[in-house]
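Peer 1: next come a sequence and a model predicted from it.
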4 protein chains.
Amino acid sequence: MSDIHFDHGLYGQLRRQAGADWHAFIDHAFVRQLGSGTLPQSAFRRYLTQDYLFLIHFARAYALLVYKMRTLPEIRAAAASLGAIVAELPLHVGYCASWGLTEAQMASEPEAMETINYTRYVLDIGHAGDALDLLAALLPCVAGYAEIGLRLRNQPTTVIAGNPYAAWINNYGDAHYLHGVQAALDLLERVGEQRGASSRFNALSEIFTTAARLEAAFWQMGLNAQ
Amino acid sequence: MSDIHFDHGLYGQLRRQAGADWHAFIDHAFVRQLGSGTLPQSAFRRYLTQDYLFLIHFARAYALLVYKMRTLPEIRAAAASLGAIVAELPLHVGYCASWGLTEAQMASEPEAMETINYTRYVLDIGHAGDALDLLAALLPCVAGYAEIGLRLRNQPTTVIAGNPYAAWINNYGDAHYLHGVQAALDLLERVGEQRGASSRFNALSEIFTTAARLEAAFWQMGLNAQ
Amino acid sequence: MSDIHFDHGLYGQLRRQAGADWHAFIDHAFVRQLGSGTLPQSAFRRYLTQDYLFLIHFARAYALLVYKMRTLPEIRAAAASLGAIVAELPLHVGYCASWGLTEAQMASEPEAMETINYTRYVLDIGHAGDALDLLAALLPCVAGYAEIGLRLRNQPTTVIAGNPYAAWINNYGDAHYLHGVQAALDLLERVGEQRGASSRFNALSEIFTTAARLEAAFWQMGLNAQ
Amino acid sequence: MSDIHFDHGLYGQLRRQAGADWHAFIDHAFVRQLGSGTLPQSAFRRYLTQDYLFLIHFARAYALLVYKMRTLPEIRAAAASLGAIVAELPLHVGYCASWGLTEAQMASEPEAMETINYTRYVLDIGHAGDALDLLAALLPCVAGYAEIGLRLRNQPTTVIAGNPYAAWINNYGDAHYLHGVQAALDLLERVGEQRGASSRFNALSEIFTTAARLEAAFWQMGLNAQ
């Protein structure tokens, strides 16, 4: 999976036009401090708890995508992504437990404004628009985390030995995760061709960039908790 | 309003590609018998009752369109169409009363298969797709009825004097109705430009043609009741 | 799984009130002829093709249910049902191949009116109502097929040896399928308690009974094809 | 309309259980400073701009409510509320112009986090739940503004002469606005009876109270802009 390409096709175009907003997401101070192992643990715990709440609504958004599909191959592709999220949630919960966070605690925590903003924005885009609009809102998270994981793994400044966040870093760069990301990128290309991406590029760009900004705000919410 | 054009722009393209399916809708035997005044009254009563049930779900579909809009001018345009449908319903009910059908009777009548098919197809297209998909499903009814009304008015074979259906014919060809139709056509053009109609033409055509076929099936359901 | 109970709890109440409509579904002539092996093969092929098209929209309806859930345990439960449908579809396709029907053929077949009616009715209920309304529309299919499968297996009039439909009968009565049905019944009970089923029983009954009627119409559509 | 009752029926129960959260909304410092005329104009302008953006999505949420209705009287009632919002928007825009804010300016302003939070929360409740859930999310705004308007009008501490916000105060306490509020309260009662409000009270309370909290956060967003 070393050959996943973030600069190809429709995804590449969307990512490029997001420019500084994209960079502010994938190279956020939260991410850099994860890489160096200097992130305050309070910030990481805040992030993990809100990410649990985020994933619930992200799974709901992927379920909405499955509904919006109309042929069996597309339903299968979207349902596989949903299944992967739902299957990962217990792993996420297990990982959080290693940080002293129980599922009951996380489930009863109020959603941060940044969590509501991001998840409900994606859901409204999904209901109001079509599968292509919804994919443009989902991909910054799906593929952005892969890019972040790969960058951290490959960056000389990243510390793995003794880094309390090493397991997190490895998770988002691993082959299984990347396989799912490639499937999501493929689905975006296919739906983009069917549904006129080229002549809707500006509207799709606005969705994609807004989602990237909401991702950066989500990191910042974690950082603010230190 | 003599200058409403059914062959211009995106609507014109969609209508043209529907070809024989379009003709089977606007020139259905039910319509021809309306024009000549020879339609059995049992067929017309069946149609009126199911049209009452149809309009409830058509109003719901227009409400969904309002939801799917994102700017105030578009919300206003779609809400005006919804308002027109809701305002017309009492007129429709009053007209049905002149045929001996009370609202309570019509509301308690089971929906015909053809009514469910058409309305729920439109609603599913609306939820699964975007505003453009939904407009492609709504326009065959909105603009098709105007075309039928104008054709009947202008056709030499149409009988008005002594035709029990004269009021119906006049309703769908009148200036107020046509004004609303023009607004709906304008909204289709505007949304079509925003959302890449040109590169989604095949998918939009399939929706438009399916709706035209479901309209023809709706006429046939009326005719079958004689 | 011999201890699945179709007469317990909310499901039992809904099934009981459906009375003759329920019986007309689970004891339809199509079902009886499946059991005796006397069903014309043309009727079965028609049914299989439309069932393929049905399952696509049934999967979409289950995806909508996942979206409508708000806690992780409920999302998991609904997503498991969706996953089961999507996983079964290739088996269904394989089974259809043994009847000479390829997936490409089935996918290009127009949906029967009865297929559109049933699936789009369920989807509209799901969008307009809450998870409980949607479950009331889904359960007649999910649990009804289990009841039919078990009845056919246990009925002395059922012929297995030499019956070309034996594999179909065994499929819907097998332990794996019944396990999924029990999970769906449990989810209905849980959501019913949360969302006031007892004081909404009439409205839920109307949905459940309508779905049972649409199931019977679906069998009839198959039978009509002979 | 002096006899609008905020403590009757289901609405009264929901409002009472919201307790301190309700009080924090209707007696927010922003409201008190409106009444005394001491609110910084920068705070009011920020509020007006975000309220414009809010109303767009509030209209969309009411459109969703219309879709979720199933009988003509209910469709009419919900569509009347939608029509009132859409008809008021030009008045709102005219009023904003008197504060030096053009519609183009307001439409191009980014939504505040508090605006996104509130509107998209309501929309997600509406899509995931039924008409009763959605009404529980909409009423705190609809009826809360009436209560605030009436309180300000009747409170001895309120300054009208020379108060730059006098027109705003009068708007939300006037008979026409209150008539629409009463219709919304009536619709809540009716839908509540149909859909088992009594046995879903805890879930409805959570929605209502969350919306009240998001209203208070919206005032605070205005206040923070001074």
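Peer 2: Sure thing, it's come through.
Peer 1: C-alpha only now, for contacts and for neighbours.
Peer 2: Fine.
Peer 1: go ahead and confirm residue A:111 touches residue A:51.
Peer 2: No. Counting by CA atoms under 8 Å, residue A:111 sits too far from residue A:51 to count as a contact (9.6 Å).
Peer 1: what about residue A:61, neighbour count?
Peer 2: Neighbourhood size, residue A:61 [other CA atoms under 10 Å in any protein chain shown]: 30.
Peer 1: ok, the closest residue to residue A:78 other than its chain neighbours - contacts?
Peer 2: Nearest residue to residue A:78, sequence neighbours excluded (CA to CA, 6 or more residues apart in numbering or on different chains): residue A:66, at 5.3 Å. Counting by CA atoms under 8 Å, 6 or more residues apart in numbering or on different chains, residue A:66 touches A:74, A:75, A:78, A:79, C:60, C:63.
Peer 1: mind naming the longest helix for chain A?
Peer 2: As assigned by DSSP state H, the longest helix anywhere in chain A is helix A:41-68.
Peer 1: buried residues in that helix?
Peer 2: Residues of helix A:41-68 classed as buried by neighbour count (16 or more other CA atoms under 10 Å in any protein chain shown): A:41, A:43-68.
Peer 1: how about stretch A:77-87?
Peer 2: Judged by neighbour count using 16+ other CA under 10 Å, the buried positions of stretch A:77-87 are A:77, A:78, A:79, A:80, A:81, A:82, A:83, A:85, A:86.
Peer 1: convert the C-alpha atoms of stretch A:79-86 to CSV, please.
Peer 2: C-alpha atoms of stretch A:79-86 as CSV (Å, rounded to 0.1, in the frame of the first residue of the first chain):
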residue,chain,number,x,y,z
ALA,A,79,-21.5,-0.7,3.5
ALA,A,80,-17.9,-2.1,3.7
SER,A,81,-16.7,1.4,4.8
LEU,A,82,-19.6,1.5,7.4
GLY,A,83,-18.7,-2.0,8.6
ALA,A,84,-15.1,-1.0,9.0
ILE,A,85,-16.0,2.0,11.2
VAL,A,86,-18.4,0.0,13.3
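Peer 1: how far does it sit from the chain's center?
Peer 2: Relative to its parent chain, stretch A:79-86 has a centroid offset of 13 Å by CA atoms, centre = their mean, to the nearest Å.
Peer 1: is that stretch in proximity to chain B?
Peer 2: No. Applying CA under 8 Å from any CA of the partner chain, one finds stretch A:79-86 separated from chain B by no less than 15.5 Å.
Peer 1: contacts for that stretch, please.
Peer 2: A:55, A:59, A:62-63, A:66, A:180, A:184, C:75-76, C:79, C:82-83, C:86.
Peer 1: gap between residue A:148 and residue A:142?
Peer 2: Distance, residue A:148 to residue A:142, using CA to CA, to the nearest Å: 11 Å.
Peer 1: meant to ask about residue A:72
Peer 2: 22 Å.
Peer 1: disregarding flanking residues, what is the spatial nearest neighbour of the most centrally placed residue in chain A?
Peer 2: Centroid-nearest residue in chain A, with CA atoms, centre = their mean: residue A:141, separated by 2.0 Å. Leaving aside its chain neighbours, residue A:141 sits nearest to residue A:215 (7.2 Å; criterion: CA to CA, 6+ apart).
Peer 1: pLDDT below threshold where in chain A?
Peer 2: Applying pLDDT under 70 to chain A picks out residues A:1-2.
Peer 1: okay, helices next: where are they in it?
Peer 2: Per DSSP H, chain A has helices spanning A:9-26, A:29-36, A:41-68, A:72-97, A:103-108, A:113-128, A:131-154, A:166-173, A:175-194, A:201-223. These are given in chain order.
Peer 1: next, the angle helix A:29-36 makes with the first one.
Peer 2: Regarding helix A:9-26 and helix A:29-36, their directions subtend 80 degrees when assessed with axes from the mean of the first three to the mean of the last three CA atoms, to 10 degrees.
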